[in-house]
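> Task: produce atomic coordinates for the following.
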Amino acid sequence: MNLFMKNDINLSFTDTKEITKIYPDNKKNIFKQSENYHIFFCEGLILTKKIKNKFKITFFNKKNSLFNYINKTVYFGKFKDKHIFIHNISLEEKTKTSLKQVKFFNKKIKKEKISRSSFSDLRTIFANLSIKDSSIAGIAKSLINWKLTNTFCTKCGEKFANPINFKWETQCIACKKIYFPRVDPVIIVIVVKGNKVLIGRSHHFPKKLYSCLAGFIELGETLETAARREILEEVGVYINDIKFITNQPWPFPSSLMFGLIAKAKNKKLKVDKNEIEDAFWISKQELKQVLNGKNNNIIAAREGTIARFLLEKWVKNEI
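Sure, this is the predicted structure:
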């Protein structure tokens, strides 16, 4: 199952070689077995603990009060000798509180001394997780999100029942149609022209952050076709000599990122403000300063991302 390139070892969400989908024999007593580990999500946030400047997933192997609020469970798989289950928790209408869900549960965790944990945004903390934890968290987030947002059969309209086997796929009890978790393919391209590279920022990026240009692959497109279309649409640049570099799962919510490098045929930019907020050419020396955190006006893509990987490899003349 390990399909990743050797130099992808520093990419987040990619270390899945020790994860296997072996379903547990005892599906009825999953909360009573100490060898079972449980991960919790609430409103898309994952329960983690912070140790110094690093984050770790909070794994429970003993039942506590959070288990009373579970509204969805998925079996993740087996990691080494541990079966891992993913749970989403939610407040029921009968629970009287003026607090929002996440604040309610964070307060309960602290009050009951369940663990030194709180719910965190995976997109914010993933660079401070180990590769192992980021890989588990990424799959878990995509899985629980897909289960929560896909609740009806598109063929017959029947509502999906909660399966006792907790499998990744979902089968309609009425028409027997089987659904598998969705994966959205995305190209992300480092566009170069001589000693300069093109970087841009989306409207939803954190302040000052710039990255490589990216976009979803549409029906009937190859990686190369999608790359040409996206770069032309966003900045008016024609590209050629497109090469595949690497790939990365991206669980926001369920993408597979294909990292490419391409050469620009023209340098003049025509930025489509509906597509992206800004884009410009930056020299290799200037980019090196950005990557080293020595530019007060620009922040490079986060460590652990495929965009950061591409930029760093280009600066080092390795791609």
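> gap between the spatially most central residue of the chain and Trp146?
By Cα atoms, centre = their mean, the chain has its centre lying nearest to Pro251, at 2.2 Å. As for Pro251, its distance to Trp146 is 10 Å (criterion: Cβ to Cβ, to the nearest Å). No exception for glycine: its C-beta is placed from N, CA and C like everyone else's.
> Then Arg116?
Using Cβ to Cβ, Arg116 is found at 30 Å from Trp146.
> before we move on, what about Ile306?
With Cβ to Cβ as the criterion, Ile306 and Trp146 are 22 Å apart.
> With neighbour numbers in mind, choose between these two.
A direct count of neighbours by other Cβ atoms under 10 Å for Ile306 and Trp146 places Ile306 higher, at 28 against 19.
> Do me a favour and get the end-to-end distance for stretch 76-83?
8 Å (Cα to Cα, to the nearest Å).
> Mind listing residues that contact that stretch?
Here stretch 76-83 makes contact (Cβ atoms under 8 Å, 6 or more residues apart in numbering) with 18-22, 24, 30, 33, 35-37, 39, 59, 75, 84-86, 136, 139-140, 143.
> Among those residues, which lie within strands?
Secondary structure from DSSP state E places 19-20, 36-37, 39, 75, 84-86 of the contacts of stretch 76-83 in strands.
> Using neighbour counts, pick out the buried residues of whatever helix or strand Asn106 lives in.
Following DSSP states H and E, the helix or strand that holds Asn106 is helix 101-111. Using 16 or more other Cβ atoms under 10 Å as the test for burial, helix 101-111 gives 101-102, 104-106, 108-109.
> cool, and stretch 255-267?
255, 257-262, 264.
> How about stretch 246-254?
Residues of stretch 246-254 classed as buried: 246-251, 254 (neighbour count, 16+ other Cβ under 10 Å).
> Go through these and name the one nearest Val191.
Among the buried residues of stretch 246-254, Thr246 lies closest to Val191 (Cβ to Cβ), at 16.3 Å.
> Wait, a strand at that closest one?
Yes - assigned with DSSP: H, G, I helix; E, B strand; the rest coil, Thr246 falls within a strand.
> Once you drop chain neighbours, what's closest to it?
Among residues not flanking Thr246 along the chain, Gly259 sits closest, at 4.7 Å (Cβ to Cβ, 6 or more residues apart in numbering).
> just Asn145 next, same as before
Per Cβ to Cβ, 6+ apart, closest to Asn145 is Pro253, 5.0 Å.
> isn't there a helix covering the one you found?
No - assessed by three-state DSSP, Pro253 does not belong to a helix; its assignment is coil.
> tell me the pLDDT at it?
With respect to pLDDT, Pro253 has a value of 93.
> residues touching it, list them.
141-142, 145-146.
> again with Gly44
Applying Cβ under 8 Å, 6+ apart, one finds that Gly44 lies in contact with 121, 141, 145.
> now swap in Glu18 and tell me
Here Glu18 is in contact with 79-80, 132 (Cβ under 8 Å, 6+ apart).
> gap between the top helix by length along the chain and the chain center?
Using DSSP state H to define each element, the chain has its longest helix at helix 131-149. Relative to the centre of its chain, helix 131-149 is centred 7 Å away, using Cα atoms, centre = their mean, to the nearest Å.
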